[in-house]
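Participant: Below: sequence and its predicted model.
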Amino acid sequence: MIDFPIVDPHQHLWDFEVCRYPWLMDRPLPHNPAGDCSAIARPYGLDDYLRDTVGWNIARTVHVDAGAVADDALRESAWLQETADRRGYPHGIVAYADLRHPRIDQQLAAQRAYRNVRGIRQIANWHADPLKTYNTQDPLVDPYWLRGFALLRKHELSFDLQIYPGQMPAAAALAARHPDTRIILNHAGMPTDRDAAGLAAWRRGMAQLARQPNVLVKISGLAMIDRQWTVDSIRPFVLDTIELFGPARCMFASNFPVDRLYGEFGRHYQAYDDVVAAFGDAERRQLFADTAMAAYRLD
């Protein structure tokens, strides 16, 4: 039982009157590697999130870019900051920016001007399988993208890194080149290939990333890959991740409402609680709150 305040460092909100979200608004809905998103293809506001989390002491949250069109990136941050100023949530914002943009320096400065913005996410997943990829090319080998990444430190911004295991060696090298930029790996590294070679690549890549002290990891989103998940099916990924990175660099996150496609909020968080039930109180507090507080400077 979690008897202390929780920090959820990965949640989404969307308002179809504020921003355009093609992955939720286009008809028919486009293919999404996360699965059939029709059940969440409607506006989802703060009140919806608070209803989903009833019974859980969610003290703080971090909103992560929700897939709006690039031209709406600043509009999304403005709306979220206004929501935070009025309602208290979200306490941190991970905004969108296209690191390949020729004016990326100015865009990062504009995002950083919002008080709650702590970092940037641009989904970087690339996979040879067209049904799994989010990008037509791997951003981690794009010199323009890499040039934009190098500017994050200047603006005191972290980066939420969403990739697949095949990209992890390049990501570890990127982290080594930029030791002063905090990188937060999303969704436990998304172990999408479940054959022996794919699982070995995930474990090998996670170990490479864990050797870089500026890399932290969110344990979330596993249901997007394991859609018939159980506590036992996610247990090895959760425990292996914590063993590699340590509780001080790991944080549980909801990925709501996307993960609601595969279970209610309480089912996900109860599963995490069950997996680490034998951990000490200090380690549990790190996983459910303290690591996220430090990673996103929520104090």
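Facilitator: Nice, thanks for sending it over. Numbering: from 1, shown residues only.
Participant: mean confidence for whichever strand or helix holds residue 294?
Facilitator: Taking DSSP states H and E as the criterion, the element that holds residue 294 is helix 291-295. Helix 291-295 comes out with an average pLDDT of 98.
Participant: next one: that helix to chain centre, how far?
Facilitator: 13 Å (C-alpha atoms, centre = their mean, to the nearest Å).
Participant: what about the strands in the stretch 101-250 of the chain?
Facilitator: 117-121, 158-161, 183-185, 215-219, 250-252 (DSSP state E, counting those that start in this stretch).
Participant: Where do the helices of the stretch 1-150 of the chain begin and end?
Facilitator: Remark: helices assigned in the stretch 1-150 of the chain by DSSP state H, counting those that start in this stretch are 22-25, 46-52, 73-87, 104-112, 143-149.
Participant: circling back: reformat the strands of the stretch 101-250 of the chain as JSON lines; add mean neighbour count.
Facilitator: For every residue, glycine as well, the C-beta is placed using N, CA and C. What follows is the strands of the stretch 101-250 of the chain, written out as JSON lines (neighbours: other C-beta atoms under 10 Å):
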{"stretch": "strand 117-121", "mean neighbour count": "25"}
{"stretch": "strand 158-161", "mean neighbour count": "25"}
{"stretch": "strand 183-185", "mean neighbour count": "26"}
{"stretch": "strand 215-219", "mean neighbour count": "26"}
{"stretch": "strand 250-252", "mean neighbour count": "27"}
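Participant: Could you name the stretch from these that's closest to residue 236?
Facilitator: If you check each of these against residue 236 by C-beta to C-beta, strand 215-219 wins as the nearest, at 12.0 Å.
Participant: mean confidence score for the closest one?
Facilitator: 98.
Participant: That strand pairs with which strands, and in what direction?
Facilitator: Using DSSP bridges, strand 215-219 pairs in its sheet with strand 183-185 (parallel), strand 250-252 (parallel).
Participant: Any chance of a markdown table for these, columns distance to residue 233?
Facilitator: Shown next, in a markdown table, are those (distance: least, C-beta to C-beta, whole Å):
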| stretch | distance to residue 233 |
| --- | --- |
| strand 183-185 | 20 |
| strand 250-252 | 17 |
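Participant: contacts for stretch 272-291?
Facilitator: If you take C-beta atoms under 8 Å, 6 or more residues apart in numbering as the criterion, stretch 272-291 is touched by 1-2, 4-7, 59, 216, 219, 231, 234-235, 238-239, 242, 247-252.
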